[in-house]
Each structure stands twice: as structure tokens, then as C-alpha cells.
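Trainee: missing the sequence, but the structure's below:
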Ligand code: MG
Ligand code: MG
């Protein structure tokens with residue numbers, strides 16, 4: 001069942017969203033080159049806790065860290081570790097927080113130093129696809145309008161839209177109903193209603209849409225080894241414009 005949040009719940013979720021937004025703003029200020037993903041994860045965990053929140057991903061279904069950090073061909077769910085971040089790479093950082101029992105969830109992809117024009121365009125269009133989808137997340141619209149809009153924007157550039165990983169409802173659980181695919185038909189899915197909170201998160205590949213899971217059981221990589229980008233916002237459906245909870 002899709003939960004409708006009341007005003008008080010949305011106010012708490014706004015605070016959870018602010019924590020992840022400020023965390024991702026903090027990451028944007030760091031010179032990532034030469035840092036290991038484990039070092040970046042430690043800074044992220046410290047920052048989340050300094051805001052009086054709990055890292056939402058740590059221990060979630062056994063995930064060992066506070067952020068998912070996924071470089072280049074890694075799509076999502078990269079486990080922070082010894083990999084050293086290099087100039088020219090694009091780094092997806094996905095962060096969750098818990099405030100008073102409610103989750104915030106957001107992701108951004110960052111360029112490290114000078115990146116290729118192709119990678120820069122991939123990031124630009126992944127973000128554009130997210131924002132185009134957010135704009136369609138309105139009371140009375142079918143969820144499929146959001147999904148199909150994201151797909152159209154990404155595929156108009158010839159990119160691969162990941163199928164097997166999707167966005168989701170958010171609340172007291174990190175993953176609630178409904179699933180929010182980044183592809184589909186405008187008539188698909190439930191009708192969106194005021195008070196629904198969803199995380200929209202296109203994962204867009206430069207090449208094939210196909211992904212595979214690495215032996216660590218978490219890290220998803222593109223099947224063809226080409227780069228992938230990921231942007232995510234947690235938003236609230238209202239009776240007018242959607243409200244993005246995960247911007248500072
Ligand atoms: Mg996320
Ligand atoms: Mg998510």
C-alpha cells in the first residue's frame with residue numbers, strides 16, 4: 001500500500017532531506033582526487049552524525065558503509081573501500097539519513113578534475129531526466145508519466161536506461177511502495193496523490209542498459225564497461241508543484 005504522509009511526517013522528512021542535501025553539498029566542496037572511497041565514506045558518516053542524524057544505509061540489508069560510492073562503470077551500490085578516486089572519473093555518491101524514524105535519500109554524480117565531454121554530457125542529461133521526471137510528479141498524474149518522461153529524455157540522447165534498478169516510495173522505510181521505474185508507458189502505475197513521498201533516481205548508462213552484479217554481491221556495473229551516472233531526489237507530491245526535500 002502506498003502511504004500518504006501527513007504534515008507532521010513531511011516536516012520530519014524535510015529535515016531528513018536537508019541532512020542528505022547538505023551532506024552532498026559538503027562532498028561537492030571536497031577535492032576527491034587521490035582519496036579512497038573509504039576515506040570519503042568516513043567524512044560522509046561524520047557529517048551525517050554531526051547533523052544529529054543516523055546514516056540511513058549503514059547496516060541496511062547488511063550494507064557495510066554510510067554511502068554508496070560508484071565510479072565510472074559502477075552504476076550504483078558501490079561499497080567504499082581501497083579504490084582511489086582519479087582525475088577524469090565520475091563518482092556517484094548516494095546517501096541516506098534517518099531523522100526521528102524517517103528516511104531521506106538522494107544521490108549526485110560528481111566529476112573529478114577534467115572529465116571527457118562525453119562523461120560531462122552523460123551527467124547533464126541524467127540530471128535533466130531526473131528533473132523532467134520530478135516536474136511530472138503531480139497529484140492526479142499516473143506514475144508512468146514520470147517514468148516515461150525520464151526514459152524519453154535519456155533515450156533521446158542514445159543512452160541506456162537501467163531497467164532492473166528503480167526508484168521507490170520513502171518514509172519510515174527506506175524502500176516503500178510504489179516502485180518508481182525510469183522507463184515505461186504514461187498509462188502505467190498508480191495515480192499520484194498529495195502526500196505521497198517518492199525517491200526518483202534515474203541510472204543512465206552511456207552504452208547498454210544492461211548491468212551485472214559484482215562478486216561482492218552489491219556493486220552494480222555496466223555490462224559493457226562504459227560509464228554510468230546517477231542522480232536522485234526525494235520529493236513530495238502536493239496539490240501544486242512537487243516539493244524537492246533533498247535540496248539545501
Ligand atoms: Mg539513494
Ligand atoms: Mg533511493
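Mentor: Done, it's in. Computed from a predicted structure; not experimentally measured. Ligands and ions are numbered 1, 2, ... in the order given.

Trainee: longest helix anywhere in the protein?
Mentor: In the chain, ranked by residue count with DSSP state H as the criterion, the top helix is helix 7-28.

Trainee: show me what that helix is packed against.
Mentor: In this structure, helix 7-28 packs against helix 37-50, strand 90-99, strand 102-111, strand 233-236, with contacts taken as 3 or more C-beta pairs under 8 Å, 6 or more residues apart in numbering; DSSP states H and E. C-beta here means a position set from N, CA and C on the backbone, and glycine is covered the same way.

Trainee: tell me what the first one is packed against?
Mentor: Meaning helix 37-50. In this structure, helix 37-50 makes packing contacts with helix 7-28, strand 54-55, strand 67-71, strand 90-99, judged by 3+ C-beta pairs under 8 Å, 6+ apart.

Trainee: near ligand 2, which residues of this structure show up?
Mentor: Remark: the part of the chain in contact with ligand 2 comprises 105, 199, using C-beta under 5 Å from the ion.

Trainee: what residues does the chain put near ligand 1?
Mentor: Along the chain, the residues adjacent to ligand 1 under the rule C-beta under 5 Å from the ion are 94, 105, 107, 232.

Trainee: what is the burial count for the second one?
Mentor: When counting by other C-beta atoms under 10 Å, one arrives at 27 neighbours for residue 105.

Trainee: dig out what it forms beta bridges with.
Mentor: For residue 105, the beta-bridge partners under DSSP bridges are residue 96.

Trainee: pretty sure it sits against residue 98.
Mentor: No: because the distance of 10.3 Å does not satisfy C-beta atoms under 8 Å, residue 105 is recorded as not touching residue 98.

Trainee: where do the contact lists of those two overlap?
Mentor: Residues touching both residue 105 and residue 98 by C-beta atoms under 8 Å, 6 or more residues apart in numbering: residue 56.

Trainee: which residues are in contact with the closest residue to residue 84 other than its chain neighbours?
Mentor: With sequence-adjacent residues excluded and distances taken as C-beta to C-beta, 6 or more residues apart in numbering, residue 84 is closest to residue 36, at 5.5 Å. Applying C-beta under 8 Å, 6+ apart, we find residue 36 in contact with 80-85.

Trainee: separation between residue 36 and ligand 2?
Mentor: In this structure, residue 36 and ligand 2 are separated by 24 Å, where distance is defined by C-beta to the ion, to the nearest Å.
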